[in-house]
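Engineer: Can you look at this prediction? I've put the sequence above it.
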Amino acid sequence: MKKSLAYSLSFALLLSIAVPATQQTAHAEVKKYKNCKELNQDYKGGVAKSADIKNKGGKTKHKPFVSAELYEANKNKDRDRDFIACEK
């Protein structure tokens, strides 16, 4: 009886810790930037759609931040259509 109670309490504790973290990330909104200058203040190398993407434009100073959701929100700033928005 004591073991089953301990197991159920442990499971409930783990579940209560895990659920708020997943809900918090699910409700986080992706920021849409007005222009590349604003985006580069937060992400110096721009935003890439995935880690596999290679820059078509040549050398860059900074590595891009990888986030498909953030890229989709700001894909209109990807002038050369290489799936990296506002690369520097």
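Structural biologist: Received the coordinates, thanks.
Engineer: Under the pLDDT cut-off, which ranges of the chain? List them.
Structural biologist: 1, 5, 7-9, 11, 13-16, 18-28 (pLDDT under 70).
Engineer: since we're on the residue lying closest to residue 87 once chain neighbours are set aside, how many residues are nearby?
Structural biologist: Leaving aside its sequence neighbours, residue 87 sits nearest to residue 46 (C-beta to C-beta, 6 or more residues apart in numbering; 3.9 Å). In this view, the C-beta of every residue, glycine as well, is placed from N, C-alpha and C. By other C-beta atoms under 10 Å, 23 other residues sit near residue 46.
Engineer: Next up, phi/psi of residue 46, please.
Structural biologist: Per-residue torsions, residue 46: phi 90, psi -170 (degrees, to the nearest 10).
Engineer: Next up, the contacts around it.
Structural biologist: 36, 39-40, 60, 62, 64-65, 84-88 (C-beta atoms under 8 Å, 6 or more residues apart in numbering).
Engineer: Show me which of those residues are buried.
Structural biologist: Neighbour counting with 16 or more other C-beta atoms under 10 Å marks 36, 39-40, 64-65, 84-87 as buried within the contacts of residue 46.
Engineer: now those residues in TSV, with distance to residue 55 and secondary structure?
Structural biologist: Shown next, in TSV, are these (distance: C-beta to C-beta, whole Å; DSSP: H, G, I helix; E, B strand; the rest coil):
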residue	distance to residue 55	secondary structure
36	15	helix
39	16	helix
40	15	helix
64	8	coil
65	13	strand
84	6	strand
85	11	strand
86	12	coil
87	6	coil
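Engineer: Alpha carbons of stretch 32-46, in PDB - could you do that?
Structural biologist: In PDB, the C-alpha atoms belonging to stretch 32-46 read as follows (Å, rounded to 0.1, in the frame of the first residue of the first chain):
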ATOM      1  CA  LYS A  32       7.100  39.600 -36.200                       C
ATOM      2  CA  TYR A  33       9.700  42.300 -36.800                       C
ATOM      3  CA  LYS A  34       9.200  45.500 -38.900                       C
ATOM      4  CA  ASN A  35      12.500  45.300 -40.600                       C
ATOM      5  CA  CYS A  36      15.900  43.500 -40.600                       C
ATOM      6  CA  LYS A  37      17.500  46.200 -38.400                       C
ATOM      7  CA  GLU A  38      15.100  45.300 -35.500                       C
ATOM      8  CA  LEU A  39      15.500  41.500 -36.100                       C
ATOM      9  CA  ASN A  40      19.300  41.800 -36.100                       C
ATOM     10  CA  GLN A  41      19.200  43.500 -32.700                       C
ATOM     11  CA  ASP A  42      17.900  40.300 -31.200                       C
ATOM     12  CA  TYR A  43      19.400  37.800 -33.700                       C
ATOM     13  CA  LYS A  44      22.800  39.100 -35.100                       C
ATOM     14  CA  GLY A  45      23.100  36.400 -37.800                       C
ATOM     15  CA  GLY A  46      19.500  36.500 -38.800                       C
END
